[in-house]
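**Q** Here you go, sequence then predicted model.
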Amino acid sequence: MSLDPAYLEYRARRRGMDHALYPYSKLPERAPVVWPDGAKVAIACVVSLEWFPMTPSDAPFRAPGHMQTAYPDYRHYTAREYGTRIGFYRLLDAFAKAGVRASIATNAVIAERYPEIIADIVAGGHEIIAHSTDMNGTIATGLAEEDERALIATSLDTLTRVSGTRPRGWLSIARSESWNTPRLLAEAGFDYLCDWPNDELPYRMATTAGGIVSLPLNHELSDRQILTVQQQSVDSYAEQIRDAYGWLAAEAASGGGGRMLPLHLTPYIIGLPYRIAAFEELLGWIGAQPGAWFATGSAIVASWNEQEA
């Protein structure tokens, strides 16, 4: 039995992705990006500040880091709670020492349960971006559009009410989206999202609800990927970040324009006592490099928007 030739026809096949959110773009053919004060590399520290319910949801999927053993899984619940009690405050101290303003991707339940954490974020001059409701608030195709819209609205409204400032950015749990997510985020008025790690510079997405900027958040250089998934040492983690910075700075110096290095951080992973010293040293090293610019996601997007216009 032969295969019908029509089976291999796919009308959406084109260069790049099979959608119309953005056109394919080669980095060497783009106009060079110029960061403020001639900076070579913009460093975006993005912290996932998460709250895990004791009972995990597997619909549409179980979030990374969620409960794993029989109920009540106090072992993993309290290991995650360590992040909000201890690890996150070590990160705040590290940021203060290095003069870093970070983007804190925050579950809405954090704001409801621990408003003092939100106050400490604001007092430190950091940006709060929305990170769903809690770690059961995952998104994937199959989630009803109205349910996803409500999840986004709940996250946005809660963080706005408690922090006093409306979040401008969004990070989905596990960077997972549905077909509707970019449109619903644009509809809700977000300036940028961090879910698409397909580039190293911001780019614009077009949806039927308006435009939204994608601020790519590298997955391979996240603390979770290197330290937890790959089981590498924190010294290896720091070395890889230094290597990445060195390469990006060299590209910028050779005339390629400004570059961006995102650092995705998890308090209960990088905030452990045998890792935080190496991380503090890493921030100090980056800050000492000529042309390094620590910036929030909103600051990077604002600078990029000015040049796009």
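**A** Good, I have the coordinates.

**Q** Show me the contact partners of stretch 34-46.
**A** If you take C-beta atoms under 8 Å, 6 or more residues apart in numbering as the criterion, stretch 34-46 is touched by 95, 100, 102-105, 129, 171, 194, 215, 217, 245, 248-249, 252-253, 257-265, 286, 289-297, 300, 303, 307. Bear in mind the C-beta positions are built from the backbone N, C-alpha and C, glycine included.

**Q** swap that for stretch 287-307, please
**A** For stretch 287-307, the external contacting residues (C-beta under 8 Å, 6+ apart) are 31, 33-46, 98-103, 126-127, 129, 168-169, 191-192, 194, 201-202, 213, 215, 245, 249, 252-253, 260, 286.

**Q** ok, of these, which come out buried?
**A** 33, 35, 39-46, 98, 100-103, 126-127, 129, 168-169, 191-192, 194, 201-202, 213, 215, 245, 249, 252, 260, 286 (16 or more other C-beta atoms under 10 Å).

**Q** among the residues you listed, which are in helices?
**A** Among the buried ones among the contacts of stretch 287-307, the members falling in helices are 98, 245, 249, 286 (criterion: DSSP state H).

**Q** The last one against residue 248, yeah?
**A** No: taking C-beta atoms under 8 Å as the contact criterion, residue 286 and residue 248 are not neighbours in contact, 11.0 Å apart.

**Q** Between these two, which contacts overlap?
**A** The contact sets of residue 286 and residue 248 do not overlap (C-beta under 8 Å, 6+ apart).

**Q** ok but residue 205 is inside a strand, no?
**A** Yes: if the criterion is DSSP: H, G, I helix; E, B strand; the rest coil, then residue 205 is within a strand.

**Q** Could I get the phi/psi values of the spatially closest residue to residue 80 that is not a sequence neighbour?
**A** Closest residue to residue 80 apart from its sequence neighbours, by C-beta to C-beta, 6 or more residues apart in numbering: residue 52 at 4.8 Å. The phi and psi values for residue 52, taken as degrees, to the nearest 10, are phi -100, psi 120.

**Q** so what's residue 52 up against?
**A** Neighbours of residue 52 in contact, by C-beta under 8 Å, 6+ apart: 63, 65-67, 76-77, 80, 134-135.

**Q** any idea which of the residues you listed is closest to residue 20?
**A** Nearest to residue 20 among the contacts of residue 52: residue 63, at 29.4 Å, using C-beta to C-beta.
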